[in-house]
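Novice: Take a look and give me a structure for this.
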Amino acid sequence: MRSGELARQSGVSTDTLRHYERLGLLSLPQRTGGNYREYPPASQQRVELIRRALAIGFSLSELKTILAVRDQGGAPCLHVCELLRSKLLAMDQQIRNLASLRAEMNRLSREWDKRLRQTKPGQVALLLENAPPRSNGRVVSGPRTLPKKKGL
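Specialist: Next up is the predicted model:
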């Protein structure tokens, strides 16, 4: 099957197919007499496997390693499971960080609403100046108290 047909059937572009070839994820196809790429039928399954793996968070680099082992007759299954577990742990940490950030933003929103109610019309409330600094998704310290002056 030619690259355009494989691309359509797999839901990717022909550029994506060439990219997969360059990375070694997809075998270089045979060429026709007119120099068109001619992919074997198994190429569609391979592209679909790549797309499924990308959809659940595997990187192209990880896939290159996994598929190289598979192509050499190995069984990378344990490695694939370990990678997935690692991704789950990282995702759990991201969820905790986001939940913490959300809670902090809710607290800050209530604080800012109170501050705005206490600020006279036309006066600067210094909201951002009193926002706590964050590092790696975590609040470094509580809000700072600054003297009233012009600012954001």
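Novice: how much space is there between the most centrally placed residue in the chain and residue 77?
Specialist: The chain has residue 57 as the residue nearest its centroid, 7.2 Å off, counting by C-alpha atoms, centre = their mean. As defined by C-beta to C-beta, to the nearest Å, residue 57 lies at a distance of 17 Å from residue 77. All C-beta atoms are positioned from the backbone trio N, CA, C, and that covers glycine.
Novice: Quickly list the domain ranges of the chain.
Specialist: 3-75, 80-139 (automatic domain parsing).
Novice: I'd like to know how many residues surround residue 32.
Specialist: 10 (other C-beta atoms under 10 Å).
Novice: So, low pLDDT: which residues of this protein?
Specialist: Scanning the chain for pLDDT under 70 picks out the ranges 135-152.
Novice: so where do the strands sit in it?
Specialist: All strands of the chain, identified by DSSP state E, fall at 30-31, 37-38, 134-135, 138-139.
Novice: residue boundaries of the helices in the chain?
Specialist: 3-10, 14-23, 42-55, 60-71, 77-118 (DSSP state H).
Novice: Tabulate those (CSV), appending distance to residue 31 and mean neighbour count.
Specialist: Listed next are the helices of the chain as CSV, based on distance: least, C-beta to C-beta, whole Å; neighbours: other C-beta atoms under 10 Å:
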stretch, distance to residue 31, mean neighbour count
helix 3-10, 11, 17
helix 14-23, 12, 16
helix 42-55, 14, 15
helix 60-71, 21, 15
helix 77-118, 33, 12
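Novice: Between the ones you listed, which one is closest to residue 33.
Specialist: Each of those was scored for nearness to residue 33 using C-beta to C-beta, and the closest is helix 3-10 (15.7 Å).
Novice: Between the two ends of stretch 52-66, what distance do you get?
Specialist: Taking C-alpha to C-alpha, to the nearest Å, stretch 52-66 runs 14 Å from one end to the other.
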